[in-house]
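Q: below is the sequence, then the predicted model.
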Amino acid sequence: MKLHSDNNQQYQTVTGYDASGVEINAQRFDYSLIVMPETPPRAWEVTRFEDLEAGHFEQIAADAPDVVILGTGERQRFVHPRLIASLSGRHVGVESMDSQAACRTYNVLMGEGRKVTLALIIEKTAAA
């Protein structure tokens, strides 16, 4: 799916998404990412939803976002509250949704000037 944005080119905008990767400002990434509006995307060492640990969310908490949009792949899945305690303790909301919805939601919130973080899980298929 291609996503298009307004005049947000100075920001990190999701410009496309499919099950095998995501485009940020038309640059393709085929691994899990942390995306914030004003900093370049960075790799997120998560290969599968089932492998999420509290430390993965502590990395995000260090960036002090207002809200985290968690893209969980092709379907919406929810993390255990103990995993996001580092964010909850700082009153940072975490919204879990399928990755396509997460990409769209991130773009909307980023366009509104919110301090949002997109944590996107790109799972590798076994037949690679």
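A: That came through fine. Source: prediction; values computed, not measured.
Q: helix or strand right after the top helix by length along the chain?
A: For the chain, the helix with the greatest residue count under DSSP state H is helix 99-111. Where DSSP states H and E defines the elements, the next helix or strand beyond helix 99-111 is strand 116-120.
Q: dump the residue contacts of the nearest residue to Gly21 once chain neighbours are set aside.
A: Spatial nearest neighbour of Gly21, excluding adjacent residues (C-beta to C-beta, 6 or more residues apart in numbering): Asp30 at 3.9 Å. The C-beta positions use only the backbone N, C-alpha and C, and glycine is treated the same way. Asp30 is in contact with Ser20, Gly21, Ile122, counting by C-beta atoms under 8 Å, 6 or more residues apart in numbering.
Q: for the closest residue to the first one other than its chain neighbours, give its distance to Glu95.
A: Read that as Ser20. Computed as C-beta to C-beta, 6+ apart, the closest residue to Ser20 that is not its neighbour in sequence is Asp30, at 6.0 Å. Distance of Asp30 to Glu95, computed by C-beta to C-beta, to the nearest Å: 24 Å.
Q: which non-adjacent residue is nearest Ser88?
A: Of all residues not flanking Ser88 in the chain, Pro81 sits nearest, at 6.9 Å (C-beta to C-beta, 6+ apart).
Q: typo on my end, it should be Val116
A: Leu109 (4.2 Å).
Q: quick check: that neighbour vs Glu45, distance?
A: Leu109 is 24 Å from Glu45, by C-beta to C-beta.
Q: so for those two, which residue has more residues nearby?
A: Neighbours were counted for Leu109 and for Glu45 using other C-beta atoms under 10 Å; Leu109 has more, 19 against 12.
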